[in-house]
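Engineer: Give me the fold of what follows.
(one chain, ligands or ions: 1)
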Amino acid sequence: MMSTCKHASELMSQGQDRTLGPVERLQLRLHLLICKRCRRVEQQFGLLRAAIRRCRDDS
Ligand SMILES: [Zn+2]
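Structural biologist: Numbers count the residues shown, from 1 in each chain. The predicted structure is shown next:
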């Protein structure tokens with residue numbers, strides 16, 4: 001379980017920089033379905049991304 005959470009957070013982190021492949025996205029989705037903790041992490045990544053986008057739009 002631990003290694004799966006680690007993998008999931010790695011995928012979320014990489015997803016900020018590049019587009020994840022279909023298998024990676026599926027693995028991440030499946031993990032987020034069962035793991036509340038990683039869902040919260042993903043939400044924070046989403047907020048971060050939205051904030052970054054807002055900054056770029058302003059400049
Ligand atoms: Zn997890």
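
Engineer: CA only for contacts and neighbour counts going forward, please
Structural biologist: Noted.

Engineer: and stretch 30-43, does that touch the ion?
Structural biologist: Yes: using CA under 5 Å from the ion, stretch 30-43 reaches the ion at 35, 38.

Engineer: Now for the residue in the chain that the ion sits nearest to: which residues touch it?
Structural biologist: Across the chain, no residue is closer to the ion than Cys5, which sits at 3.6 Å (CA to the ion). Contacts for Cys5 (CA atoms under 8 Å, 6 or more residues apart in numbering) come out as 31, 38.

Engineer: tell me which element it falls in.
Structural biologist: Following DSSP states H and E, one finds Cys5 within helix 2-17.

Engineer: Can you name the residues of this protein that neighbour the ion?
Structural biologist: Neighbours of the ion within the chain, by CA under 5 Å from the ion: 5, 35, 38.

Engineer: Glu10 is in contact with the last one, correct?
Structural biologist: Yep, that's Cys38 we're talking about. No: with contact defined as CA atoms under 8 Å, Cys38 does not reach Glu10; the gap is 10.9 Å.

Engineer: Run a quick neighbour tally on Met12.
Structural biologist: For Met12, the number of neighbouring residues by other CA atoms under 10 Å comes to 20.

Engineer: The nearest residue to it once chain neighbours are set aside and Asp58: what is the separation?
Structural biologist: Nearest non-adjacent residue to Met12, counting by CA to CA, 6 or more residues apart in numbering: Glu42, 6.8 Å away. The gap separating Glu42 from Asp58 is 24 Å, by CA to CA, to the nearest Å.

Engineer: more crowded one of the two?
Structural biologist: Per other CA under 10 Å, whichever of Glu42 and Asp58 has more neighbours is Glu42, with 18 against 6.

Engineer: All set, thanks.
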